[in-house]
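J.: Build me a structure from this.
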Amino acid sequence: MAKPIVQQAARRKQHRQGSRLPKGSNGGIQLLLVQTVEHLGSQGDVVEVKPGYAKNYLIPQGLATIATEHHRRMVDKHRARLAEIQKARLAGLKLLAADLARQSVTIEANANDEGHLYGSVGAPEIVAALKRNNIALTPDQIRLEGPLKELGLYTVRIHLASEIDAEVKVWVVPSVGEGVPGQAG
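T.: Purely as a prediction, here's the structure:
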């Protein structure tokens, strides 16, 4: 007789848990995404997922919560704060782009008589030259159409954000210790 009572208690518990999670129009669970989940939605979206996905992954991982009006207001407030931070970041990047446009960096490289380099100048060398001017960038922000293989002046595009690019002048000059062959020194 104890077995049916245990089964009834389990069914009641399951019914209580299921009734706490709001059902969607397709029979799934409606959740509010706290963070962006790839292939599901962005932060603040109300999505409908299968109960197992909600109970076993999204809610325990803190990626989603029950779609209540209180939670929606909290996510909206958080999203507004993130928008302010992003706006300030973009303003800072625009100032950096204006500063970069005024910059000119010089990179020394070994070259032959015709001005062809014995190697090439790439993004890491440009980043190192900018670092000497107190500008910190990463090599993946440098947009080169190919390595620089000759002496001369180049205009290099730098990608700062999705809509913010800058250009910097890069001088590739022969190494100082390198004498031109044929000259007495």
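J.: quick one, what contacts residue 90?
T.: 161, 164 (Cβ atoms under 8 Å, 6 or more residues apart in numbering). In short, each C-beta sits where N, CA and C put it, glycine included.
J.: Okay, buried residues for the helix or strand where it lies please.
T.: In this structure, residue 90 is located in helix 69-101 according to DSSP states H and E. For helix 69-101, the neighbour count (16 or more other Cβ atoms under 10 Å) marks 71, 75, 96-97, 100 as buried.
J.: between those residues, which is nearest residue 53?
T.: Checking the buried residues of helix 69-101 against residue 53 with Cβ to Cβ, the nearest one is residue 71 at 18.2 Å.
J.: Which residue, neighbours along the chain excluded, lies closest to the spatially most central residue of the chain?
T.: By Cα atoms, centre = their mean, the chain has its centre lying nearest to residue 161, at 8.9 Å. Spatial nearest neighbour of residue 161, chain neighbours left out: residue 93 (5.2 Å); criterion: Cβ to Cβ, 6 or more residues apart in numbering.
J.: Ok, residue 43 next?
T.: residue 36 (5.0 Å).
J.: How confident was the prediction at that neighbour?
T.: If you check residue 36, the pLDDT there is 81.
J.: Can you get me a residue count around it?
T.: Using other Cβ atoms under 10 Å, residue 36 is surrounded by 12 other residues.
J.: Thought residue 44 was touching it, still the case?
T.: No. Between residue 36 and residue 44 there is no contact under Cβ atoms under 8 Å: 9.0 Å.
J.: List the contacts of the residue nearest to residue 44 when sequence neighbours are not counted.
T.: Residue nearest to residue 44 in three dimensions, not counting chain neighbours: residue 75, with 4.6 Å by Cβ to Cβ, 6+ apart. Residues in contact with residue 75 (Cβ under 8 Å, 6+ apart) are 32, 34, 43-44.
J.: For residue 113, see how far away residue 48 is.
T.: Noted for residue 48: a distance of 71 Å to residue 113, by Cβ to Cβ, to the nearest Å.
J.: neighbour count winner among the two?
T.: Legend: neighbour count by other Cβ under 10 Å for residue 48 and residue 113, higher for residue 48 (16 against 9).
J.: So the more buried one lies in a helix, does it not?
T.: No. Under DSSP: H, G, I helix; E, B strand; the rest coil, residue 48 sits outside any helix and is assigned strand.
J.: beta partners of it?
T.: Note on residue 48: beta-bridge partners by DSSP bridges are residue 30.
J.: quick one, phi psi at residue 109?
T.: Backbone torsions for residue 109, taken as degrees, to the nearest 10, come to phi -150, psi 150.
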